[in-house]
Every structure is written in C-alpha cells, then in structure tokens.
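In: Everything below, folded, please.
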Amino acid sequence: MVKLRLKRIGRKKLPFYRIVAMDVNSPRDGQALGQLGTYDPLKSRIDLDEEGVVRWLKLGAQMTPTVRDLLRSQGILARLQGLEGKVREDALLRQKPKSHKKLAAAAPADDASASAPAEGPKAVAVAQESPAADETKAPEAAPEAAEPGDASKD
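Out: Presented below is the predicted three-dimensional model:
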C-alpha cells in the first residue's frame, strides 16, 4: 500500500519535511516513490505539486493525518471532490509556542540587540510620566499640609 506522508530532511531541532509517496513498510527517511512537495513548519510554508498529489490519490494512495490536514488547508481535497477549494492562510499561522521558543533560542543576538533599544525609550517614557504624576500629587499634598499648619496657628 502507498501512503502520502512526511519525510524529515531537516537537521536537529530545525525540522523540514518533504511530502512524499512511499510504501507503507519503508522507513521514514527511506526511498520515496515520488516527491510531491515540501513543508517548513517553522516558517509556516507549504509548496505542493497539486497534479502529483491528485494523481497519487486517484491511484489509491492513502494519506497520513498530518498530510491530510496540510492538503485540506491548501484546498486540494476540496478541489479533488469537485468543490471550490480555498487556501487557508491562517491554518499554518496558528500559535506554536514550541517553535517560537526554538526560533528565539536560535537567534538570541538578534533579540538582545532589538530589545535593548526598545527598552530605552520605554524607560524614558516611564521617567517622563513619573514627574508628571508627582506634580499632580504635589498640589493635593500641599492643602493637606496647610490644614494642620493652620490648625496649629490657631
């Protein structure tokens, strides 16, 4: 039996996959019968050969759940059934906390240099707000100080 599934070709902690047609009994990284596209989960990018996917599905190839979701998000399954298929841009852009952590760890120098100037203006803005807040509190504090002083004069 032939399955449409993912074949990992990325390096450690940076996954990248090929969408391939493979025999069920072959290993994950084994010889593929045909390459149908690529999937980059970190950049949320899919490139597919739609004609090749349709050809393999018509020949009786089955899909893994992950490949089924990817094809559904690209509208290929709907077009295969004769419906109007739309590419769902938001399907791949959902929040992936683990991948965000990996990207942040991969580029710590970029984040540190970008965050340092951003904190500078924020600190200046907070410092500018503090004297303004003290000025508004100062007139309120002055009448309270004057009242006890007036009472002591009497």
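In: May I have the predicted confidence score for the closest residue in space to residue 31 that isn't next to it in sequence?
Out: Of all residues not flanking residue 31 in the chain, residue 22 sits nearest, at 7.8 Å (C-beta to C-beta, 6 or more residues apart in numbering). C-betas here are computed from N, CA, C, even on glycine. What the model reports as pLDDT for residue 22 is 93.
In: the strands in the protein, which residues?
Out: 2-8, 17-23, 34-40, 45-48, 62-63 (DSSP state E).
In: Check residue 142 and give its pLDDT.
Out: Confidence score, pLDDT, at residue 142: 53.
In: and what of residue 76?
Out: 84.
In: pretty sure it is touching residue 49, no?
Out: No: contact between residue 76 and residue 49 fails when scored by C-beta atoms under 8 Å: they sit 10.2 Å apart.
In: got a list of what the residue nearest to residue 31 touches?
Out: Residues near residue 22 by C-beta atoms under 8 Å, 6 or more residues apart in numbering: 2-3, 5, 7, 30-33.
In: Tell me which of the strands of the chain lies nearest to residue 56.
Out: The closest of those to residue 56 is strand 17-23. By C-beta to C-beta, the value is 4.9 Å.
In: Okay, now the sheet partners of that closest one, with direction.
Out: When pairing is defined by DSSP bridges, strand 17-23 lines up against strand 2-8 (antiparallel), strand 34-40 (antiparallel).
In: now those as CSV including mean pLDDT, distance to residue 57 and mean neighbour count?
Out: Converted to CSV, the strands paired with strand 17-23 look like this (pLDDT from 0 to 100; distance: least, C-beta to C-beta, whole Å; neighbours: other C-beta atoms under 10 Å):
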stretch, mean pLDDT, distance to residue 57, mean neighbour count
strand 2-8, 92, 7, 19
strand 34-40, 93, 10, 18
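In: No further questions, thank you.
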